[in-house]
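All I have is the shape, not the residue letters:
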């Protein structure tokens with residue numbers, strides 16, 4: 001996905017900058033849509049084009065990504081938009097966080113494998129692979145601490161080896177087990193899981209991985225939409 005946007009940026013700089021004269025800003029949005037339609041992969045939805053908060057730049061949301069175009073429709077900017085008025089205020093990441101939550105809020109909660117806190121104050125989502133060492137460390141050492149802190153953990157499946165792999169089959173067996181949370185804990189402890197099949201959400205979760213542009217496990221999404229790529233202790237996630 002990152003490579004695609006680098007290519008997209010290169011193509012757009014060449015194709016958009018070559019066009020003169022600059023169109024009026026009132027014509028920019030339909031012009032940007034038209035040009036992006038020719039550059040984006042097939043069936044990539046352009047969800048929105050609107051003001052970015054920075055004078056002269058439109059914010060574009062497409063395919064789960066956020067990027068920017070000049071108001072004259074001639075240049076595309078791929079990268080983070082930072083506010084200098086508020087240090088470390090990453091406008092792009094804030095927008096991406098909202099997009100992540102919108103996507104996850106459309107998923108049926110029954111497809112999650114949930115370790116619920118008794119006195120729930122917060123919740124987070126974890127895309128996990130049962131054969132990932134840091135996923136196991138997170139589950140065995142940090143999830144109990146998170147639960148004690150009042151943080152509910154919702155697991156989604158991200159078998160990195162893909163569909164049909166042994167990890168994929170194990171995760172299907174976990175979701176299909178009589179007690180899926182017990183099966184998850186056993187798998188994270190390195191214990192064998194009895195093979196089992198059923199109607200499961202693993203393929204749906206893998207599609208979410210692509211939509212959210214996740215590249216590794218554990219991938220933690222906090223309740224405000226922030227993405228934590230990789231293992232973090234409970235104390236850092238929720239001090």
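Here it is on my side, so go on. For clarity, every value in this text was computed on a predicted model and none was experimentally measured. Numbers count the residues shown, from 1 in each chain.

Could you use CA atoms for every contact and neighbour count after this?
Will do.

Okay, domains of the protein per the record?
Per automatic domain parsing, the domain ranges recorded for the chain read 2-86, 106-237.

export the ones you listed to a markdown table and tack on mean pLDDT?
Supplementary listing: the domains of the chain in a markdown table, determined by pLDDT from 0 to 100:
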| stretch | mean pLDDT |
| --- | --- |
| domain 2-86 | 72 |
| domain 106-237 | 96 |
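
Please list all residues in contact with the residue positioned nearest the centre of the chain.
Geometric centre of the chain, nearest residue: residue 212, 3.0 Å, by CA atoms, centre = their mean. Neighbouring residues of residue 212 by CA atoms under 8 Å, 6 or more residues apart in numbering: 64, 100.

And residue 231, by the same measure?
Contact criterion CA under 8 Å, 6+ apart gives 134-135, 137-138, 218 as the residues in contact with residue 231.

Look at it and give its secondary structure.
Look at residue 231: counting by DSSP: H, G, I helix; E, B strand; the rest coil, its state is coil.

circling back to that earlier point, and which of the contacts of residue 231 is nearest residue 73?
If you rank the contacts of residue 231 by distance to residue 73 using CA to CA, residue 218 comes first, at 38.2 Å.

Now do that closest one against residue 138, distance only.
Here the criterion is CA to CA, to the nearest Å. By it, residue 218 lies 8 Å from residue 138.

again, but for residue 46
As defined by CA to CA, residue 46 lies at a distance of 36 Å from residue 138.

what's the answer for residue 79, then?
Distance of residue 79 to residue 138, given as CA to CA: 30 Å.

Next: residue 171.
In terms of CA to CA, residue 171 sits 17 Å off from residue 138.

more crowded one of those two?
Set side by side, residue 171 and residue 138 show more neighbours around residue 171, with 31 against 23, by other CA atoms under 10 Å.

In this structure that one contacts residue 157, no?
Yes. Applying CA atoms under 8 Å, one finds residue 171 in contact with residue 157, separated by 7.0 Å.
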